[in-house]
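Enquirer: just the structure for this:
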Amino acid sequence: MTKYLSRGLILALLVFSKTPLKAGSIPEIVETTKPANVEIVTTESPGEQVASSALPTPAIDAKAPFDSGNAFFDKKEYDKAINAFTEAIRLDPNNALAYCNRGRAYVNKGDYDDAIRDFDEAIRVDPRLALAYNGRGVAYDSQGKFDKAVNDYDDAIRLDPNLAQAYYNRGIACSNQGNVDKAISDYNEAIRLAPNFAFAYDSRGSAYSKQGKFDKAVSDYNDAIRLDPKYAPAYNNRGIAYGKQGEYAKAISDFTEAIRLDPNLVPAYNNRGTAYAKQGNLDKAHADFATAKRLKAGQ
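Expert: Presented below is the predicted three-dimensional model:
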């Protein structure tokens, strides 16, 4: 599964100081991890689905660099992937999928303008390539341009109604716009199309949590963890749901597991610190807040 993104975290109102925490000054457990957009183009992986329509095949001369680009992308060597896809495009200028995949690499580097240019070119070459609209939607979403993102996801779904990740991504954008009911509807459809889509369960759980439906949220986080036991944000988010219900021991257990899986997950430290403080364990709370502050400063 693609690495979740850490941008756009909903930050808790934490004050990092050496003064003791006092009753009434303890923040709520609210620091969620931003759900990951997905824009898979080439191969299936757990919880993610390739478009059902046939994908274009690279020209013979371009196949080797195209395949190399995919291999570098899978290893998160994005600069090398970009170079390989650039060579594939040089050999086959009408290879829409090479533009798509180079766009994906730019997205993962945070070069959203370059990504959008590549997705634009992919759409120019093949206006019916749903994956290009989905990818461009991810880039717009990453820039906070949620209206443009939704429009692109709409086009992706129109062109391929079975594209599960487009429903999922549209759900994220709708949630960012404050339309939680619409987001849940899109997550439902993504799960219907791809029942093993762990990200979709996690994101739907967060939507239910926003509505105060913590039992439903926990149920979805359970499914996300069952499908992807190494996905740290699902533990962090389930811990939030437990904490909102006053189940601080369960919350601490989940935040601890999230930290074990991802030692750099700042929200989990902040949330565990808050849970410790709610239990009156102020030394551990201060230690977690200090760790979160140090990690955040280094990001």
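
Enquirer: with adjacent residues omitted, what lies nearest to Val107?
Expert: Ala115 (4.6 Å; CB to CB, 6 or more residues apart in numbering). (Glycine included, C-beta is placed from N, CA and C.)

Enquirer: that neighbour: helix or strand, and which one exactly?
Expert: helix 112-125 (DSSP states H and E).

Enquirer: contact partners of that helix?
Expert: Residues from elsewhere that reach helix 112-125, judged by CB atoms under 8 Å, 6 or more residues apart in numbering: 94-97, 99-100, 102-104, 106-107, 129, 132-133, 135-136, 139-140, 142-143.

Enquirer: can we see that at 6 Å?
Expert: 94, 96, 99-100, 102-103, 106-107, 129, 132, 135-136, 139, 142-143 (CB atoms under 6 Å, 6 or more residues apart in numbering).

Enquirer: show me what the helix or strand that it is followed by is in contact with.
Expert: Using DSSP H and E, the next helix or strand after helix 112-125 towards the C-terminus is helix 130-142. For helix 130-142, contacts defined as CB under 6 Å, 6+ apart pick out 37, 39, 41, 51, 100, 103, 107, 112, 115-116, 119, 122-123, 148-149, 152-153, 155-156, 159-160, 163, 166, 169, 173.

Enquirer: go on, stretch 255-269?
Expert: Outside stretch 255-269, the residues within contact range by CB under 6 Å, 6+ apart are 31, 33, 230, 232, 235-236, 239, 271-272, 288, 291-292, 295-296.

Enquirer: in stretch 122-130, what's buried?
Expert: 122-123, 125-126, 129-130 (16 or more other CB atoms under 10 Å).

Enquirer: return that stretch as PDB; C-alpha atoms alone will do.
Expert: C-alpha atoms of stretch 122-130 as PDB (Å, rounded to 0.1, in the frame of the first residue of the first chain):
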ATOM      1  CA  ALA A 122      -1.700  12.500 -20.400                       C
ATOM      2  CA  ILE A 123      -5.300  13.700 -20.900                       C
ATOM      3  CA  ARG A 124      -4.400  15.500 -24.100                       C
ATOM      4  CA  VAL A 125      -2.900  12.300 -25.500                       C
ATOM      5  CA  ASP A 126      -5.800  10.100 -24.200                       C
ATOM      6  CA  PRO A 127      -8.800  12.100 -23.100                       C
ATOM      7  CA  ARG A 128     -10.500   8.900 -21.900                       C
ATOM      8  CA  LEU A 129      -7.800   7.800 -19.500                       C
ATOM      9  CA  ALA A 130      -9.700   7.900 -16.200                       C
END
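
Enquirer: okay, now Gln211: neighbour count?
Expert: When neighbours are defined as other CB atoms under 10 Å, Gln211 has 12 of them.

Enquirer: right, I'll call it a day here.
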